[in-house]
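>>> Next come a sequence and a model predicted from it.
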Amino acid sequence: MPTCRICKQHYPQSQFVSGNGPRYLTCVRCAVEQGMVEPEEVPQLYSDELVNARMALFSRRYAPWVLVILGWSLYFSFGNSLGIWSLIFFVSLIIITLIAPVIHFFGSARFKANLLKLTP
Ligand SMILES: [Zn+2]
């Protein structure tokens, strides 16, 4: 993958503007920031809104797993000493752990569709 001349980041070839001189080996983001091209001219640009939307999509996708990992770490650190609440906590952890893969599996088509919508 080529390196951008300005920000020194590696991107796929599709993320570069074509041209010679100052446009040579310049990524679309730097080109827009430096005023070489207008944002409308580069459909492949990941704009800030797009980046935030993708971030939110990915965090929604992996939130159940984070919950499972956090829940079990909490349980193993001090969940055993809470009397009846340990049992409730343990049972809800088991339910979440069993449900998380199901949610993940059934959400994959919707996730892929949304990701495709948010890919320039
Ligand atoms: Zn750059």
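Sure thing, it's come through. Residues are numbered from 1 along each chain as shown.
>>> use CA for all of it now, contacts and neighbours both
Noted.
>>> Next, the buried residues of stretch 93-100.
93, 96-97, 100 (16 or more other Cα atoms under 10 Å).
>>> Out of those, which is nearest to the ion?
A100 (38.4 Å; Cα to the ion).
>>> Output the contacting helices and strands for the helix or strand containing I99.
Element membership of I99, judged by DSSP states H and E, is helix 84-117. Contacts defined by 3 or more Cα pairs under 8 Å, 6 or more residues apart in numbering; DSSP states H and E place helix 84-117 against helix 48-78.
>>> The helix it packs on versus helix 84-117: what angle between them?
Counting by axes from the mean of the first three to the mean of the last three Cα atoms, to 10 degrees, helix 48-78 lies at 160 degrees to helix 84-117.
>>> For helix 48-78, which helices and strands make contact with it?
Helix 48-78 packs on helix 84-117, going by 3+ Cα pairs under 8 Å, 6+ apart.
>>> Which positions in the helix it packs on come out as buried?
Buried residues in helix 84-117, counted by 16+ other Cα under 10 Å: 89-90, 93, 96-97, 100, 104, 111.
>>> Kindly provide the distance from F105 to P64.
Look at F105 and P64: by Cα to Cα, to the nearest Å, they are 12 Å apart.
>>> now do T3
Between T3 and P64 the computed distance is 36 Å (Cα to Cα).
>>> what does Y46 give?
For Y46, the distance to P64 equals 27 Å [Cα to Cα].
>>> give me the number of residues near the residue nearest to N114 when sequence neighbours are not counted?
Among residues not flanking N114 along the chain, L57 sits closest, at 7.8 Å (Cα to Cα, 6 or more residues apart in numbering). L57 has 15 neighbours, counted by other Cα atoms under 10 Å.
>>> which bits of this structure sit near the ion?
Within the chain, the positions lying close to the ion (Cα under 5 Å from the ion) are 4, 6-7, 27, 30.
>>> Export those residues to a markdown table and append columns for pLDDT.
As requested, the residues of the chain next to the ion are exported to a markdown table (pLDDT from 0 to 100):
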| residue | pLDDT |
| --- | --- |
| C4 | 93 |
| I6 | 92 |
| C7 | 92 |
| C27 | 92 |
| C30 | 91 |
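>>> Many thanks, I have nothing further to ask.
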